[in-house]
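>>> the sequence and its predicted three-dimensional model are supplied below.
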Amino acid sequence: MKILFFVLCWFCLSSVRFIGEIRPVFGVQVNMQANSKLYSMVVYIHNGRALTHKKIITREEFILYASGTWPSIYNPQRRNLFEERNIPCGIEKDPITKRDIPFCNPLDSLWKIRYSDYPFRTFAGKGWSNELYKPSSQQQKYLYEHYGIYDIDFNYFLDEHFWQILKDVQDENWIRRYRSI
């Protein structure tokens, strides 16, 4: 009887897999979208083994989730991920209307990685790409080596690569280096 008990305990305990800490994984794809946006954003839950609960989100949703302003399954502790990573994004209170206004300047610069000129006529900005609608082959190689972006048309800057690109697009030295590739 004792042997049967030990075998049963061993079987039950050996089939249980402990999952690591559940955490959010944010990402961005720099690509012209059907809604005329220059990027799309995604969030997953990393459960220790796989990315699950994928959700395509808007810029505003991303800022509200990552700042901890909105409660969600993607940031249940409502931590301010921007402050933790020293990224200039968050929520400002409009002094007149008293409404919360999401802001994230690094997101506004992401299009420059892909385009040499702003793709719409409404703004005459210059991008950092060495080709008109896609980074040069050397720039694409750089994006692959540093951020895991094999093809800018299909891949997302995910997790730590996502946070790193948000920092890098604000760094003048990084911008100079990327343009010169």
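Thanks, I have the structure now. Numbering: from 1, shown residues only.
>>> count the neighbours of the nearest residue to Arg23 once chain neighbours are set aside for me.
The shortest distance from Arg23 to any non-neighbouring residue, by CB to CB, 6 or more residues apart in numbering, is to His46 (5.3 Å). All C-beta atoms are positioned from the backbone trio N, CA, C, and that covers glycine. Applying other CB atoms under 10 Å, we find 18 residues neighbouring His46.
>>> any stretches of the chain with poor pLDDT?
Along the chain, the model assigns pLDDT under 70 to residues 1-20, 122, 124.
>>> centre-most residue in it?
What sits nearest the mean C-alpha location of the chain, by CA atoms, centre = their mean, is Gly27, with 2.6 Å.
>>> what bridges to that one?
The partner list for Gly27 in beta bridges (DSSP bridges) reads Val42, Leu158.
>>> what residues are up against it?
Neighbouring residues of Gly27 by CB atoms under 8 Å, 6 or more residues apart in numbering: Met41, Val42, Val43, Tyr44, Tyr156, Phe157, Leu158, Asp159, Phe162.
>>> switch the cut-off to 10 Å
By CB atoms under 10 Å, 6 or more residues apart in numbering, the contact set of Gly27 is 40-44, 51, 54, 57, 62, 155-159, 161-162.
>>> what's the answer for Ile165, then?
If you count contacts by CB under 10 Å, 6+ apart, Ile165 has them with Val28, Val30, Pro106, Ser109, Leu110, Ile113, Leu143, His146, Tyr147, Ile149, Phe157, Trp174.
>>> quick one: secondary structure of it?
Here Ile165 is recorded as helix under DSSP: H, G, I helix; E, B strand; the rest coil.
>>> quick check: the gap between it and Thr97.
32 Å (CB to CB, to the nearest Å).
>>> do I have it right that Leu81 meets Trp163?
Yes: here Leu81 reaches Trp163: they are 8.0 Å apart, a contact under CB atoms under 10 Å.
>>> common neighbours of the two, please.
By CB under 10 Å, 6+ apart, the residues touching both Leu81 and Trp163 are Phe26, Ala66, Ile87.
>>> neighbour-wise, which one of those leads?
Highest neighbour count within those: Ala66, with 29 neighbours (other CB under 10 Å).
>>> so that residue makes contact with Val25?
No: under the criterion of CB under 10 Å, Ala66 makes no contact with Val25, lying 11.4 Å away.
>>> between the two, which contacts overlap?
Shared contacts of Ala66 and Val25, counting by CB under 10 Å, 6+ apart, come down to Val43, Tyr74.
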